[in-house]
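Novice: Next one to model:
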Amino acid sequence: MPTVTNKQRVISQIFTGLHKGHKGHGAAAEPEARPVLEQFLYALCREGVTREKADQAFRFLRERFFDWNEIRVSSVREVEEAFAGFPQPDVRAQRLIDFLQEVFETTFSFDLDPLHKKGLKQAAKQLSRYQAANDYAVAWVIQQSLGGHAIPLDVPTLRVLRRLGLIETDQGDMEALRASVEHLIPKIRGPLFSELVSALAAEYCWEEKPHCGACPMASACPSAQTASDSPAPSRSGRPKPR
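Specialist: So this is what the prediction gives:
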């Protein structure tokens with residue numbers, strides 16, 4: 001496992017070499033001013049997919065339905081149209097409906113902005129009580145809306161960080177994993193870091209057959225180096241040309 005110094009070198013390369021090839025993600029990394037409720041809903045769209053796909057789904061929800069209440073009383077089938085091409089679109093739609101229903105039942109509104117007046121710890125605790133919440137959604141809202149330092153970790157992000165050696169491969173406690181990453185990333189650069197790693201996962205660091213040869217992080221990635229060091233398949237079984 002790389003030392004802290006080596007991890008910092010890898011992170012520096014993410015912000016220099018990787019950012020150089022993804023200039024469009026610089027502006028996108030600035031937290032967008034959305035109400036707390038909308039940031040949570042966006043997190044449900046964003047987890048596990050690219051920003052482009054999440055933006056498309058969130059825009060569909062805003063344009064197809066009159067307001068959040070209409071989504072709350074809609075069927076899963078109607079809402080899951082927003083998640084066409086997503087893994088398990090019905091599950092994602094159900095979480096979104098359930099979240100809106102629970103917020104409405106507890107606040108009789110669709111306003112979670114009073115959380116700004118609570119401390120970060122208390123706000124995070126309250127958000128985590130919602131059945132639709134998970135560590136990713138809560139961390140996303142903290143980072144994007146509540147001004148705290150949190151790095152949301154979804155499956156693609158974890159895959160990249162493990163392959164780069166930035167987190168332990170056998171560590172499963174999400175809170176501990178997130179804390180270890182947050183210790184390495186300055187708060188001001190957290191949103192950009194999340195965007196760059198997400199883009200890396202989508203464009204190169206696929207679950208199966210990652211495109212290591214073209215990846216801008218290949219020189220710093222232990223997994224890519226292991227792959228390149230693997231011996232080529234033996235050709236001894238092939239008949240010699242005559």
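Novice: lowest-pLDDT helix or strand in this protein?
Specialist: When each helix and strand of the chain is scored by mean pLDDT, DSSP states H and E, helix 24-28 comes last, with a mean of 49.
Novice: Report all helices and strands that whatever helix or strand comes next after that one contacts.
Specialist: Once the chain leaves helix 24-28, the next helix or strand it forms, by DSSP states H and E, is helix 36-46. Contacts defined by 3 or more Cβ pairs under 8 Å, 6 or more residues apart in numbering; DSSP states H and E place helix 36-46 against helix 51-64, helix 89-107, helix 135-144. Where C-beta positions appear, they are placed from N, C-alpha and C, glycine not excepted.
Novice: Report the inter-axis angle for helix 36-46 versus helix 51-64.
Specialist: Here helix 36-46 points in a direction 130 degrees away from that of helix 51-64 (axes from the mean of the first three to the mean of the last three Cα atoms, to 10 degrees).
Novice: Which residues does helix 36-46 contact?
Specialist: Residues outside helix 36-46 that contact it (Cβ atoms under 8 Å, 6 or more residues apart in numbering) are 34, 54, 57-58, 61, 68, 82-83, 92, 95-96, 99-100, 103, 110-113, 115-116, 127, 130, 132-133, 136-137, 140-141, 144-146, 152, 154.
Novice: hang on, the earlier thing: now mean pLDDT, distance to Leu196 and mean neighbour count too, for the helices and strands packed on helix 36-46, in a markdown table please.
Specialist: Listed next are these as a markdown table, based on pLDDT from 0 to 100; distance: least, Cβ to Cβ, whole Å; neighbours: other Cβ atoms under 10 Å:
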| stretch | mean pLDDT | distance to Leu196 | mean neighbour count |
| --- | --- | --- | --- |
| helix 51-64 | 96 | 11 | 16 |
| helix 89-107 | 97 | 24 | 18 |
| helix 135-144 | 96 | 14 | 24 |
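Novice: Tabulate the ones you listed (CSV), appending distance to Ala218.
Specialist: Converted to CSV, these look like this (distance: least, Cβ to Cβ, whole Å):
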stretch, distance to Ala218
helix 51-64, 23
helix 89-107, 32
helix 135-144, 27
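Novice: and of the ones you listed, who's closest to Phe15?
Specialist: Smallest distance to Phe15 across the helices and strands packed on helix 36-46 (Cβ to Cβ): 16.6 Å, for helix 135-144.
Novice: Low-confidence ranges, this structure, go.
Specialist: Within the chain, the ranges that satisfy pLDDT under 70 run 1-2, 19-31, 169-172, 228-242.
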